[in-house]
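can't give you the sequence, but here's the structure:
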């Protein structure tokens with residue numbers, strides 16, 4: 001009898017320890033990225049091009065990206081019954097990612113805690129956005145008039161001939 005009781009007690013303790021270990025890291029303080037600088041800074045940067053690159057970074061991570069205003073994008077991540085909404089605000093020098101709304105992630109506004117998956121998504125998005133900046137495609141072209149170089153031959157498909165017959 002004593003042996004069976006002790007064995008049962010150990011099973012209960014083991015199960016409890018497993019549950020506590022599994023859920024111990026489930027919730028953490030909401031991660032917010034504030035005024036994160038881009039990897040490089042230049043005065044010849046087009047804000048519209050940065051908007052495109054941030055949207056591309058979000059699309060690669062399966063976010064729905066909605067441009068709210070110049071310098072402001074709303075990112076929505078949906079997976080099964082989980083939904084997370086973040087605000088991405090940016091200038092030509094830095095960006096911020098802040099929590100806006102969620103469902104299915106156990107957000108607690110009193111403690112400012114949320115499921116740890118949310119923080120991982122924010123870290124990944126932050127990393128992707130930080131890396132987009134150094135691309136030379138973001139910089140404005142210093143030569144304003146665009147001229148066509150007639151010395152280069154461009155291969156184009158032949159134009160179809162128009163005929164009057166139907």
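Everything's here; your move. The shown structure was predicted, so the numbers you read here are calculated from the model rather than taken from an experiment. Numbers count the residues shown, from 1 in each chain.

buried residues in the host helix or strand of residue 52?
Taking DSSP states H and E as the definition, residue 52 sits inside helix 47-60. Judged by neighbour count using 16 or more other Cβ atoms under 10 Å, the buried positions of helix 47-60 are 49, 50, 51, 53, 54, 55, 57, 58. Quick note: C-beta positions are derived from backbone N, CA and C, even for glycine.

same question for stretch 68-83.
In terms of neighbour count (16+ other Cβ under 10 Å), stretch 68-83 has its buried residues at 73, 74, 75, 77.

the second one belongs to a helix?
No. When classified by DSSP: H, G, I helix; E, B strand; the rest coil, residue 74 is found to be strand rather than part of a helix.

so which residues of the chain form strands?
If DSSP state E is used as the criterion, the strands of the chain fall at 27-29, 33-37, 63-69, 72-79, 82-90, 94-103, 113-115.

by contact count, what packs against the helix holding residue 52?
Applying 3 or more Cβ pairs under 8 Å, 6 or more residues apart in numbering; DSSP states H and E, one finds that helix 47-60 makes contact with strand 63-69, strand 72-79, strand 82-90, helix 116-132.

most tightly surrounded among these?
With neighbours taken as mean count of other Cβ atoms under 10 Å, the helices and strands packed on helix 47-60 reach their highest mean count in strand 82-90, at a mean of 19.

the inter-axis angle of that one versus strand 72-79?
Angle between the axes of strand 82-90 and strand 72-79 is 160 degrees (criterion: axes from the mean of the first three to the mean of the last three Cα atoms, to 10 degrees).

can you tell me the strand partners of strand 82-90 and which way each runs?
Taking DSSP bridges as the criterion, strand 82-90 sits next to strand 72-79 (antiparallel), strand 94-103 (antiparallel) in its sheet.

what mean pLDDT would you report for the last one?
What that stands for is strand 94-103. Strand 94-103 shows an average pLDDT of 96 in the prediction.

now tell me what touches that strand from outside.
Contacts made with strand 94-103 from outside it, assessed by Cβ atoms under 8 Å, 6 or more residues apart in numbering, are listed as 30, 32-38, 54, 74-75, 81-90, 107, 114, 118, 122, 125-126, 129.
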